[in-house]
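Peer 1: Below are the sequence and a predicted model for it; my questions follow.
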Amino acid sequence: MFLGKVIGTVWSTRKDEKLIGSKFLIVKELDLENNFKTDFVVAVDSVGAGVGEIVLCATGSSARQTNQTKDKPVDAVIMAIVDKLDVSVKS
Amino acid sequence: MFLGKVIGTVWSTRKDEKLIGSKFLIVKELDLENNFKTDFVVAVDSVGAGVGEIVLCATGSSARQTNQTKDKPVDAVIMAIVDKLDVSVKS
Amino acid sequence: MFLGKVIGTVWSTRKDEKLIGSKFLIVKELDLENNFKTDFVVAVDSVGAGVGEIVLCATGSSARQTNQTKDKPVDAVIMAIVDKLDVSVKS
Amino acid sequence: MFLGKVIGTVWSTRKDEKLIGSKFLIVKELDLENNFKTDFVVAVDSVGAGVGEIVLCATGSSARQTNQTKDKPVDAVIMAIVDKLDVSVKS
Amino acid sequence: MFLGKVIGTVWSTRKDEKLIGSKFLIVKELDLENNFKTDFVVAVDSVGAGVGEIVLCATGSSARQTNQTKDKPVDAVIMAIVDKLDVSVKS
C-alpha cells in the first residue's frame, strides 16, 4: 500500500454503471516526512475518508476486495485512515 | 485510476478475435493543473468518451470489469468521463 | 495497452512446459511520433505479428486472456497490429 | 519480490473491516549492498517480521496468497525474512 | 516478460509456509546489449536456472501460473532460460 493524503474529489456523472454511487477521491502520495511526492491517484473510498486525511491505498486487483469495490472497474481504494506513523529505523 | 485526456485513436484490423468491435483510444495522462504528462496509454472505452474529453482510466485486471472488456486481453479502460475536479488541499 | 514495435526474437529451449510452442518477441515501446522509448518487453504473440510491425501489447493478467496465453506464465501479449494512429489533440 | 528493511509501523483504527487485526509495516526498499533506495511500501506481515529486519515483499494479487491476507484489500505482504544474500556475479 | 541475468541467491528460513522448498534467485535486469540495468527482482525459479544464466521473468499474477508457484505468495518467476536474442530492427 502507499501512503497519501486526500486532497480533492473528481466529479463524474457519465461513468460505468457499476460505479454509480462510488465517490472518487484524489490521493496525493506522501513520503515518510509527510511531504507530498509528485504522483497522485484517483481512488474509491471504502472507509469514509475526507479531504485532508492521511490514508493508505491499495492498488490493482486488491482494490476490488472491499464491499464498496467488489467486481467494479476500480484499481485503487482507500482501505485505511492513518492515525500515526512510527518510523524507528533511521533511513 | 489515473486522470487523462483522450487525444486520438488507434486503428487495427488484425487483432485478437475477442477485440472485434472494441475501440482503442489514446489517453494522455494529465496532472491536476490539466497539463499533459509524458505518459500515455491505449485504452478501450466503456463510457462513450470522445476525443478531447477528460477521463478516468482503470488499469490491470480492473480494466476487465466492464461489460465491454470482460475476459478480453485489455489492460486499460476508460470507466468515467470527468465533469470537474475539486482540489481543496494545497499541495 | 502500450504501443511498440517488434524488433526481434528471444530463443529459448528450456522453458516452462506450458510455454512449448510459444514465440517470444521483443517489443520496444514507441511514443506517439513513432520514436523508440528506452523500455522494451518480451511478449508472446497472439496475432501473427512480425518483426518491424507496430503493435499493441497488453500486460499483467490481461496478457492471459487470449487463446495462445490462457493459464500460461506470460505477463505480456501482442493483441493487435496497428494500422495507423490518429492523434487529433495537440499535446 | 523486492528486498527491503522494516523501518516502522503504520497505526490505523479506521480501516476496512477485513483488515481488523492486520499489522501494517513500513518497508523501505534496499539495493544489493544493503543501502536504502528511496521507495517504500506499507505491507502486511505474514511471517512475524520485526522492525530492523531484512525481508522480501510480494506485491499485487500475489500479496493475497497468504493465510493472513487472503481476500483482503492488501497489495503488499512480507512473505520471507532474509537470512543472507549471496551475490556471485559481479554486476 | 523482462530479460535478466541470475546473479545470486536469497536465503530465508522463516518464510510463508507455502514457500518451503522454493528457491529465491536474484535476477538483475538486462538491456538488449547485455548490459545490466539498475533494477533487480527476487524471483522463484521454475526451470532450473543457475547463477550466471540469462533468463526471462514473468511478474504479477502470471508468476503464479507454473507448477512451482501455483497459489503461492510469489510475484516473479523465472519461466525461461534464454538461448539467444535476435534483434533485427535497429533501435
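Peer 2: That came in fine, so what should we check first?
Peer 1: Surely residue A:13 and residue B:83 touch.
Peer 2: Yes: taking CB atoms under 8 Å as the definition, residue A:13 is a contact partner of residue B:83 at 5.8 Å. Where you see a C-beta, it was placed from the backbone N, CA and C, and this is true even at glycine.
Peer 1: Compare neighbour counts for the two and give me the winner.
Peer 2: Each of residue A:13 and residue B:83 has its neighbours counted (other CB atoms under 10 Å in any protein chain shown); residue B:83 has more, 12 against 9.
Peer 1: Give me the spatial nearest neighbour of the more buried one, chain neighbours excluded.
Peer 2: Leaving aside its chain neighbours, residue B:83 sits nearest to residue A:11 (4.5 Å; criterion: CB to CB, 6 or more residues apart in numbering or on different chains).
Peer 1: Show me what that neighbour is bridged to.
Peer 2: Judged by DSSP bridges, the bridge partners of residue A:11 are residue B:84.
Peer 1: right, and it touches residue B:86 too?
Peer 2: Yes: if you go by CB under 8 Å, residue A:11 and residue B:86 touch, sitting 7.0 Å apart.
Peer 1: Run the contact check for stretch A:52-65 versus chain D.
Peer 2: Yes: judged by CB under 8 Å from any CB of the partner chain, stretch A:52-65 comes into contact with chain D through A:56, A:58-63, A:65.
Peer 1: Apologies, that question was intended for stretch A:35-45.
Peer 2: No: Stretch A:35-45 does not reach chain D (CB under 8 Å from any CB); its nearest approach is 9.6 Å.
Peer 1: quick one: that stretch to chain centroid distance?
Peer 2: 7 Å (CA atoms, centre = their mean, to the nearest Å).
Peer 1: for stretch A:58-78, same thing?
Peer 2: On CA atoms, centre = their mean, the centre of stretch A:58-78 falls 10 Å from the chain's centre.
Peer 1: Equivalent analysis for stretch A:30-41, please.
Peer 2: The answer for stretch A:30-41 is 13 Å, by CA atoms, centre = their mean.
Peer 1: Any part of that stretch near chain B?
Peer 2: Yes: using CB under 8 Å from any CB, stretch A:30-41 reaches chain B at A:36, A:40-41.
Peer 1: Now, of these, which are buried?
Peer 2: A:36, A:40-41 (16 or more other CB atoms under 10 Å in any protein chain shown).
Peer 1: picking up where we left off before, chain B: which of the residues of stretch A:30-41 next to chain B is nearest?
Peer 2: Set against chain B, the nearest of the residues of stretch A:30-41 next to chain B by CB to the nearest CB is residue A:36 (4.8 Å).
Peer 1: per-residue confidence at the closest one?
Peer 2: You'll see residue A:36 listed with a pLDDT of 97.
Peer 1: Likewise for the one 10 residues further on?
Peer 2: At residue A:46, the model reports a pLDDT of 96.
Peer 1: Not counting residues beside it along the chain, what's closest to it?
Peer 2: Per CB to CB, 6+ apart, closest to residue A:46 is residue A:66, 4.0 Å.
Peer 1: Which helix or which strand is home to the spatially most central residue of chain A?
Peer 2: Chain A has residue A:78 as the residue nearest its centroid, 3.4 Å off, counting by CA atoms, centre = their mean. Using DSSP states H and E, residue A:78 sits in strand A:76-81.
Peer 1: That strand close to chain C?
Peer 2: No: figure legend: strand A:76-81 not in contact with chain C (CB under 8 Å from any CB); closest approach 14.9 Å.
Peer 1: Name the surrounding residues that touch that strand.
Peer 2: Outside strand A:76-81, the residues that touch it by CB atoms under 8 Å, 6 or more residues apart in numbering or on different chains are A:1, A:6, A:25, A:27, A:41-49, A:53-59, A:62-66, A:68-69, B:1, D:10, D:12-16, D:19, D:24, D:73-74.
Peer 1: buried ones in that strand?
Peer 2: For strand A:76-81, by 16+ other CB under 10 Å, it's A:76-81.
Peer 1: Which of those residues sits closest to residue E:31?
Peer 2: Relative to residue E:31, the closest of the buried residues of strand A:76-81 is residue A:76; by CB to CB it sits at 31.1 Å.
Peer 1: Could you check the pLDDT of that closest one?
Peer 2: With respect to pLDDT, residue A:76 has a value of 98.
Peer 1: which residue ranges form the strands in chain A?
Peer 2: A:2-11, A:24-30, A:36-45, A:54-59, A:76-81, A:84-87 (DSSP state E).
Peer 1: Report the inter-axis angle for the fifth one versus strand D:24-30.
Peer 2: Per axes from the mean of the first three to the mean of the last three CA atoms, to 10 degrees, the angle that strand A:76-81 makes with strand D:24-30 is 120 degrees.
Peer 1: rewinding a little: of the residues of stretch A:30-41 next to chain B, which is the nearest to chain C?
Peer 2: residue A:41 (16.7 Å).
Peer 1: So what sits opposite the closest one in the bridge?
Peer 2: residue A:27.
Peer 1: That one contacts residue B:29, correct?
Peer 2: No: Residue A:41 is beyond contact range of residue B:29, at 11.2 Å (criterion: CB under 8 Å).
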